[in-house]
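J.: Fold the following, please.
(chains A and B)
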Amino acid sequence: MDSIDRAILNRLQDDFPLCDHPYARVAVQLGIAESELLSRLQQMLEKKQLSRFGPMYNAVKMGGGLSLCAMSVPEEYFEKVTDQVNAFPEVAHNYARDHLLNMWFVLATETAQRIDQTVTEIEQVTGYLVYNMPKKEEFFVGLKFEL
Amino acid sequence: MVDKILDDLNRRIVLATQAGLPLVPEPYQQLARELDITADEVMQRMQRMLESGIIRRIGAVPNHYTLGFRGNGMSVWDVPDEQVKRCGRLIGDLDFVSHAYHRPRHLPRWRYNLFAMVHGRDRAEVEQKVDTIAVLLGEHNRAHETLFSKRILKKTGLRFKGER
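T.: Below you'll find the model as predicted:
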(Lines give C-alpha, C1' and ligand atoms only; values in the text may rest on other atoms or scores of the structure.)
Protein backbone atom coordinates (compact mmCIF):
# COMPACT_ATOMS: atom_id res chain seq x y z
CA MET A 1 0.00 0.00 0.00
CA ASP A 2 1.32 3.42 -0.90
CA SER A 3 0.11 6.86 0.09
CA ILE A 4 -2.45 6.94 -2.74
CA ASP A 5 -3.99 3.65 -1.60
CA ARG A 6 -4.16 4.99 1.94
CA ALA A 7 -5.79 8.21 0.76
CA ILE A 8 -8.34 6.15 -1.17
CA LEU A 9 -9.11 4.02 1.87
CA ASN A 10 -9.47 6.95 4.22
CA ARG A 11 -11.70 8.79 1.77
CA LEU A 12 -13.84 5.80 0.85
CA GLN A 13 -14.82 4.36 4.20
CA ASP A 14 -18.00 6.40 3.99
CA ASP A 15 -19.93 8.79 1.75
CA PHE A 16 -19.43 7.16 -1.63
CA PRO A 17 -21.55 9.43 -3.85
CA LEU A 18 -24.87 8.52 -5.40
CA CYS A 19 -24.47 10.19 -8.79
CA ASP A 20 -23.92 9.24 -12.42
CA HIS A 21 -20.11 9.14 -12.21
CA PRO A 22 -19.30 8.53 -8.53
CA TYR A 23 -15.78 7.19 -9.09
CA ALA A 24 -14.91 10.21 -11.23
CA ARG A 25 -16.15 12.53 -8.49
CA VAL A 26 -14.06 10.81 -5.82
CA ALA A 27 -11.05 10.64 -8.13
CA VAL A 28 -11.14 14.42 -8.59
CA GLN A 29 -11.20 14.89 -4.81
CA LEU A 30 -8.16 12.63 -4.53
CA GLY A 31 -6.36 14.21 -7.46
CA ILE A 32 -6.08 11.02 -9.48
CA ALA A 33 -7.68 9.71 -12.67
CA GLU A 34 -10.94 7.77 -12.52
CA SER A 35 -9.27 4.81 -14.23
CA GLU A 36 -6.53 4.77 -11.60
CA LEU A 37 -9.08 4.79 -8.77
CA LEU A 38 -10.95 1.89 -10.35
CA SER A 39 -7.83 -0.19 -10.93
CA ARG A 40 -6.49 0.47 -7.43
CA LEU A 41 -9.82 -0.52 -5.85
CA GLN A 42 -9.80 -3.67 -7.95
CA GLN A 43 -6.27 -4.49 -6.78
CA MET A 44 -7.05 -3.83 -3.11
CA LEU A 45 -10.00 -6.19 -3.37
CA GLU A 46 -7.89 -8.85 -5.09
CA LYS A 47 -5.17 -8.53 -2.44
CA LYS A 48 -7.88 -8.70 0.22
CA GLN A 49 -6.82 -5.37 1.69
CA LEU A 50 -10.50 -4.54 1.29
CA SER A 51 -13.11 -7.07 2.37
CA ARG A 52 -15.63 -5.46 0.11
CA PHE A 53 -16.70 -2.22 -1.50
CA GLY A 54 -20.30 -1.06 -1.64
CA PRO A 55 -23.33 -0.46 0.57
CA MET A 56 -23.28 -1.89 4.11
CA TYR A 57 -26.74 -3.05 5.04
CA ASN A 58 -28.20 -3.03 8.54
CA ALA A 59 -29.85 -6.41 8.99
CA VAL A 60 -31.93 -5.34 12.00
CA LYS A 61 -33.36 -2.31 10.17
CA MET A 62 -34.50 -4.65 7.41
CA GLY A 63 -36.39 -6.73 9.94
CA GLY A 64 -33.61 -9.24 10.14
CA GLY A 65 -31.68 -10.72 13.00
CA LEU A 66 -28.08 -10.21 14.06
CA SER A 67 -26.16 -11.96 16.79
CA LEU A 68 -22.71 -12.86 18.04
CA CYS A 69 -22.25 -16.53 18.86
CA ALA A 70 -19.42 -18.54 20.34
CA MET A 71 -18.49 -22.19 20.52
CA SER A 72 -15.89 -24.27 22.28
CA VAL A 73 -14.48 -26.71 19.73
CA PRO A 74 -11.70 -29.25 20.40
CA GLU A 75 -8.60 -28.51 18.29
CA GLU A 76 -8.74 -31.84 16.44
CA TYR A 77 -12.25 -31.10 15.14
CA PHE A 78 -11.71 -27.41 14.56
CA GLU A 79 -11.32 -27.53 10.77
CA LYS A 80 -14.30 -29.80 10.31
CA VAL A 81 -16.53 -27.66 12.49
CA THR A 82 -15.28 -24.51 10.74
CA ASP A 83 -16.46 -25.95 7.42
CA GLN A 84 -19.80 -26.94 8.92
CA VAL A 85 -20.39 -23.52 10.47
CA ASN A 86 -19.17 -21.54 7.44
CA ALA A 87 -21.49 -23.54 5.18
CA PHE A 88 -24.42 -21.63 6.73
CA PRO A 89 -25.09 -18.55 4.58
CA GLU A 90 -26.32 -16.86 7.77
CA VAL A 91 -22.74 -16.86 9.10
CA ALA A 92 -21.37 -13.47 8.03
CA HIS A 93 -18.03 -13.48 9.86
CA ASN A 94 -16.21 -16.16 11.74
CA TYR A 95 -13.04 -15.77 13.80
CA ALA A 96 -10.80 -18.22 15.60
CA ARG A 97 -9.93 -16.74 18.99
CA ASP A 98 -7.54 -17.63 21.81
CA HIS A 99 -9.93 -18.80 24.50
CA LEU A 100 -11.81 -21.81 25.76
CA LEU A 101 -14.57 -20.40 23.56
CA ASN A 102 -12.38 -20.54 20.47
CA MET A 103 -14.81 -19.94 17.60
CA TRP A 104 -16.76 -16.66 17.36
CA PHE A 105 -19.15 -15.91 14.55
CA VAL A 106 -21.74 -13.34 13.58
CA LEU A 107 -25.13 -14.50 12.36
CA ALA A 108 -27.12 -12.24 10.04
CA THR A 109 -30.56 -13.56 9.14
CA GLU A 110 -33.47 -12.31 7.09
CA THR A 111 -35.89 -12.52 9.98
CA ALA A 112 -35.28 -12.08 13.69
CA GLN A 113 -36.71 -15.55 14.39
CA ARG A 114 -34.18 -17.19 12.10
CA ILE A 115 -31.42 -16.50 14.66
CA ASP A 116 -32.72 -19.05 17.13
CA GLN A 117 -33.44 -21.58 14.36
CA THR A 118 -29.95 -21.18 12.92
CA VAL A 119 -28.37 -21.57 16.37
CA THR A 120 -30.29 -24.82 16.82
CA GLU A 121 -29.32 -26.06 13.35
CA ILE A 122 -25.64 -25.30 13.96
CA GLU A 123 -25.81 -27.19 17.26
CA GLN A 124 -27.42 -30.15 15.53
CA VAL A 125 -24.97 -30.25 12.63
CA THR A 126 -21.83 -29.78 14.73
CA GLY A 127 -22.86 -31.45 17.98
CA TYR A 128 -21.48 -28.52 20.02
CA LEU A 129 -23.27 -26.00 22.20
CA VAL A 130 -23.64 -22.49 20.75
CA TYR A 131 -23.51 -19.53 23.15
CA ASN A 132 -25.88 -16.99 21.63
CA MET A 133 -25.05 -13.42 22.64
CA PRO A 134 -27.29 -10.95 20.79
CA LYS A 135 -26.56 -7.36 21.72
CA LYS A 136 -28.80 -5.83 24.35
CA GLU A 137 -27.48 -2.35 23.75
CA GLU A 138 -24.93 -0.72 21.48
CA PHE A 139 -22.70 2.08 22.71
CA PHE A 140 -21.44 4.37 19.96
CA VAL A 141 -19.78 2.74 17.00
CA GLY A 142 -17.20 5.26 16.06
CA LEU A 143 -13.89 4.40 14.58
CA LYS A 144 -13.17 4.96 11.05
CA PHE A 145 -10.01 3.29 10.21
CA GLU A 146 -7.26 5.91 10.12
CA LEU A 147 -4.31 4.56 8.19
CA MET B 1 -41.80 -9.83 7.67
CA VAL B 2 -38.91 -8.51 5.63
CA ASP B 3 -41.22 -7.77 2.75
CA LYS B 4 -43.25 -5.36 4.83
CA ILE B 5 -40.11 -3.33 5.39
CA LEU B 6 -38.39 -3.94 2.07
CA ASP B 7 -40.54 -3.93 -1.01
CA ASP B 8 -39.65 -6.18 -3.86
CA LEU B 9 -37.57 -3.65 -5.76
CA ASN B 10 -35.54 -2.61 -2.72
CA ARG B 11 -35.01 -6.25 -2.02
CA ARG B 12 -33.66 -6.78 -5.54
CA ILE B 13 -31.36 -3.79 -5.06
CA VAL B 14 -30.06 -5.33 -1.82
CA LEU B 15 -29.45 -8.64 -3.58
CA ALA B 16 -27.69 -6.98 -6.50
CA THR B 17 -25.36 -4.88 -4.32
CA GLN B 18 -24.67 -6.90 -1.21
CA ALA B 19 -21.54 -8.44 -2.71
CA GLY B 20 -20.33 -5.00 -3.76
CA LEU B 21 -20.81 -2.17 -6.23
CA PRO B 22 -19.68 -2.69 -9.84
CA LEU B 23 -16.22 -1.24 -10.44
CA VAL B 24 -17.15 0.57 -13.63
CA PRO B 25 -17.45 4.31 -14.34
CA GLU B 26 -21.28 4.19 -14.16
CA PRO B 27 -22.06 1.61 -11.47
CA TYR B 28 -25.67 2.69 -10.90
CA GLN B 29 -26.41 2.55 -14.61
CA GLN B 30 -25.06 -0.99 -14.70
CA LEU B 31 -27.26 -1.96 -11.75
CA ALA B 32 -30.22 -0.28 -13.43
CA ARG B 33 -29.75 -2.42 -16.53
CA GLU B 34 -29.56 -5.58 -14.42
CA LEU B 35 -32.70 -4.60 -12.54
CA ASP B 36 -34.51 -3.21 -15.57
CA ILE B 37 -35.22 0.18 -13.95
CA THR B 38 -33.65 3.62 -14.37
CA ALA B 39 -30.39 4.67 -12.77
CA ASP B 40 -32.21 7.57 -11.09
CA GLU B 41 -34.53 5.10 -9.43
CA VAL B 42 -31.58 3.02 -8.17
CA MET B 43 -29.93 6.12 -6.71
CA GLN B 44 -33.15 7.49 -5.19
CA ARG B 45 -33.96 4.22 -3.52
CA MET B 46 -30.43 3.80 -2.19
CA GLN B 47 -30.57 7.39 -0.91
CA ARG B 48 -33.80 6.61 0.93
CA MET B 49 -32.34 3.43 2.37
CA LEU B 50 -29.38 5.50 3.61
CA GLU B 51 -31.71 8.00 5.25
CA SER B 52 -33.73 5.30 6.98
CA GLY B 53 -30.61 3.49 8.18
CA ILE B 54 -31.21 0.35 6.13
CA ILE B 55 -27.90 1.20 4.47
CA ARG B 56 -25.41 2.10 7.20
CA ARG B 57 -22.95 3.60 4.74
CA ILE B 58 -21.60 3.17 1.23
CA GLY B 59 -17.89 2.61 1.04
CA ALA B 60 -14.90 0.38 1.50
CA VAL B 61 -14.55 -2.18 4.26
CA PRO B 62 -10.87 -2.46 5.13
CA ASN B 63 -9.52 -5.82 6.13
CA HIS B 64 -7.73 -5.19 9.44
CA TYR B 65 -5.55 -8.23 9.06
CA THR B 66 -4.03 -7.70 5.67
CA LEU B 67 -3.56 -4.00 6.48
CA GLY B 68 -1.36 -4.80 9.45
CA PHE B 69 -3.81 -4.29 12.30
CA ARG B 70 -3.13 -7.74 13.63
CA GLY B 71 -3.73 -6.80 17.23
CA ASN B 72 -7.52 -6.84 16.92
CA GLY B 73 -8.63 -7.84 20.42
CA MET B 74 -12.11 -8.41 21.78
CA SER B 75 -12.04 -7.21 25.37
CA VAL B 76 -14.83 -8.56 27.55
CA TRP B 77 -15.80 -7.14 30.93
CA ASP B 78 -17.83 -8.23 33.90
CA VAL B 79 -19.41 -5.09 35.31
CA PRO B 80 -22.42 -4.80 37.62
CA ASP B 81 -25.61 -4.89 35.53
CA GLU B 82 -26.74 -1.57 36.93
CA GLN B 83 -23.46 0.03 35.80
CA VAL B 84 -23.31 -1.45 32.32
CA LYS B 85 -24.82 1.58 30.59
CA ARG B 86 -22.45 4.02 32.27
CA CYS B 87 -19.43 1.80 31.61
CA GLY B 88 -20.47 1.21 27.99
CA ARG B 89 -20.68 4.92 27.33
CA LEU B 90 -17.28 5.53 28.90
CA ILE B 91 -15.72 2.84 26.73
CA GLY B 92 -17.57 3.93 23.61
CA ASP B 93 -16.00 7.38 23.82
CA LEU B 94 -12.49 5.96 23.39
CA ASP B 95 -11.12 6.41 19.89
CA PHE B 96 -9.46 2.98 19.75
CA VAL B 97 -12.72 1.16 20.45
CA SER B 98 -14.71 0.37 17.31
CA HIS B 99 -17.69 -1.41 18.87
CA ALA B 100 -19.03 -1.58 22.41
CA TYR B 101 -22.01 -3.76 23.26
CA HIS B 102 -23.97 -4.94 26.25
CA ARG B 103 -24.50 -8.69 25.76
CA PRO B 104 -26.06 -11.41 27.92
CA ARG B 105 -23.97 -13.45 30.35
CA HIS B 106 -24.06 -17.24 30.16
CA LEU B 107 -23.38 -18.26 33.74
CA PRO B 108 -21.49 -20.13 34.99
CA ARG B 109 -19.23 -20.42 31.96
CA TRP B 110 -19.41 -16.90 30.61
CA ARG B 111 -19.58 -14.07 33.13
CA TYR B 112 -18.93 -11.09 30.84
CA ASN B 113 -21.68 -8.63 29.95
CA LEU B 114 -19.80 -5.81 28.20
CA PHE B 115 -17.82 -6.23 24.98
CA ALA B 116 -15.41 -3.73 23.46
CA MET B 117 -13.46 -4.30 20.26
CA VAL B 118 -9.99 -2.78 20.58
CA HIS B 119 -7.72 -2.19 17.61
CA GLY B 120 -3.96 -1.88 17.50
CA ARG B 121 -1.03 -2.81 15.35
CA ASP B 122 0.05 -5.61 17.66
CA ARG B 123 -0.93 -7.39 20.84
CA ALA B 124 1.19 -5.19 23.06
CA GLU B 125 -0.57 -2.08 21.79
CA VAL B 126 -3.99 -3.66 22.34
CA GLU B 127 -3.01 -4.80 25.85
CA GLN B 128 -1.95 -1.25 26.74
CA LYS B 129 -5.28 0.03 25.54
CA VAL B 130 -7.17 -2.60 27.52
CA ASP B 131 -5.24 -1.47 30.62
CA THR B 132 -6.46 2.04 29.91
CA ILE B 133 -10.05 0.77 29.93
CA ALA B 134 -9.44 -1.08 33.19
CA VAL B 135 -8.25 2.13 34.85
CA LEU B 136 -11.25 3.98 33.45
CA LEU B 137 -13.76 1.45 34.81
CA GLY B 138 -12.05 1.25 38.20
CA GLU B 139 -14.00 -0.66 40.81
CA HIS B 140 -16.79 -1.54 38.36
CA ASN B 141 -14.40 -3.87 36.55
CA ARG B 142 -14.90 -7.15 38.42
CA ALA B 143 -13.04 -9.21 35.82
CA HIS B 144 -11.94 -8.90 32.24
CA GLU B 145 -10.20 -10.82 29.49
CA THR B 146 -9.00 -10.04 26.00
CA LEU B 147 -9.69 -12.54 23.25
CA PHE B 148 -7.28 -12.19 20.37
CA SER B 149 -8.21 -13.39 16.96
CA LYS B 150 -5.92 -16.05 15.57
CA ARG B 151 -7.46 -16.30 12.16
CA ILE B 152 -10.34 -15.07 10.04
CA LEU B 153 -12.36 -18.17 9.19
CA LYS B 154 -14.96 -16.35 7.13
CA LYS B 155 -15.73 -12.76 6.23
CA THR B 156 -18.45 -12.16 3.70
CA GLY B 157 -20.56 -9.52 5.34
CA LEU B 158 -24.30 -9.64 5.19
CA ARG B 159 -25.63 -12.01 2.55
CA PHE B 160 -29.21 -12.69 1.72
CA LYS B 161 -30.20 -15.69 -0.24
CA GLY B 162 -31.99 -15.05 -3.51
CA GLU B 163 -34.98 -17.24 -2.78
CA ARG B 164 -37.63 -16.75 -0.15
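J.: residues of stretch B:30-49 that come out buried?
T.: Buried residues in stretch B:30-49, defined by neighbour count with 16 or more other Cβ atoms under 10 Å in any protein chain shown: B:30-32, B:35, B:39, B:42-43, B:45-46, B:49. All C-beta spots, glycine's among them, are computed from the backbone N, C-alpha and C.
J.: let me fix that: stretch B:70-82
T.: For stretch B:70-82, by 16+ other Cβ under 10 Å, it's B:70-79.
J.: Model confidence for A:Ala108, exactly?
T.: Note for A:Ala108: predicted pLDDT of 89.
J.: quick one: it and B:Glu139, what's the gap?
T.: Going from A:Ala108 to B:Glu139 by Cβ to Cβ, to the nearest Å gives 37 Å.
J.: Those two: who's more crowded?
T.: More crowded of A:Ala108 and B:Glu139, by other Cβ atoms under 10 Å in any protein chain shown: A:Ala108, with 26 against 8.
J.: Let me know the closest of the buried residues of stretch B:30-49 to chain A.
T.: Nearest to chain A among the buried residues of stretch B:30-49, counting by Cβ to the nearest Cβ, is B:Met43 at 4.4 Å.
J.: what pairs with B:Lys154 across the strands?
T.: A:Asn94 (DSSP bridges).
J.: check contacts around it.
T.: Residues near B:Lys154 by Cβ atoms under 8 Å, 6 or more residues apart in numbering or on different chains: A:85-86, A:91-94, A:105.
J.: Please parse the chain into its domains.
T.: This is for chain A. With domains defined by automatic domain parsing, chain A comprises A:3-46, A:65-133.
J.: think we crossed wires, I meant chain B
T.: Chain B breaks down by automatic domain parsing into domains covering B:2-51, B:73-148.
J.: residue furthest from the geometric center of chain B?
T.: Distance from the C-alpha centroid of chain B, by Cα atoms, centre = their mean, peaks at B:Asp36 (31.7 Å).
J.: Next, work out how far apart B:Leu114 and chain A are.
T.: As defined by Cβ to the nearest Cβ, to the nearest Å, B:Leu114 lies at a distance of 9 Å from chain A.
J.: ditto for B:Ile152
T.: B:Ile152 is 6 Å from chain A, by Cβ to the nearest Cβ.
J.: can you pull out the strands in the chain?
T.: I went with chain A, as the question did not name one. Using DSSP state E, the strands of chain A run over A:50-57, A:65-71, A:91-97, A:103-109, A:131-133, A:137-138.
J.: I was thinking of chain B, sorry if that wasn't clear
T.: For chain B, the strands defined by DSSP E occupy B:55-62, B:73-78, B:97-102, B:114-118, B:143-155.
J.: Those strands into CSV, with extra columns for mean pLDDT?
T.: Listed next are the strands of chain B as CSV, based on pLDDT from 0 to 100:
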stretch, mean pLDDT
strand B:55-62, 90
strand B:73-78, 96
strand B:97-102, 88
strand B:114-118, 94
strand B:143-155, 90
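J.: for those, which one ends up most surrounded?
T.: strand B:114-118 (a mean of 24; mean count of other Cβ atoms under 10 Å in any protein chain shown).
J.: one step back: with distance to B:Ile133 as added columns, please give the strands of chain A in a markdown table.
T.: Output for these, formatted as a markdown table (distance: least, Cβ to Cβ, whole Å):
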| stretch | distance to B:Ile133 |
| --- | --- |
| strand A:50-57 | 26 |
| strand A:65-71 | 19 |
| strand A:91-97 | 18 |
| strand A:103-109 | 19 |
| strand A:131-133 | 19 |
| strand A:137-138 | 17 |
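J.: So which of the strands of chain B is nearest A:Glu123?
T.: Ranking these by proximity to A:Glu123 (Cβ to Cβ) places strand B:143-155 first, at 17.8 Å.
J.: so how far is that closest one off the chain centroid?
T.: In terms of Cα atoms, centre = their mean, to the nearest Å, the centre of strand B:143-155 is found 15 Å from the chain centre.
J.: picking that back up, so which of the strands of chain A is the most packed in?
T.: strand A:103-109 (a mean of 23).
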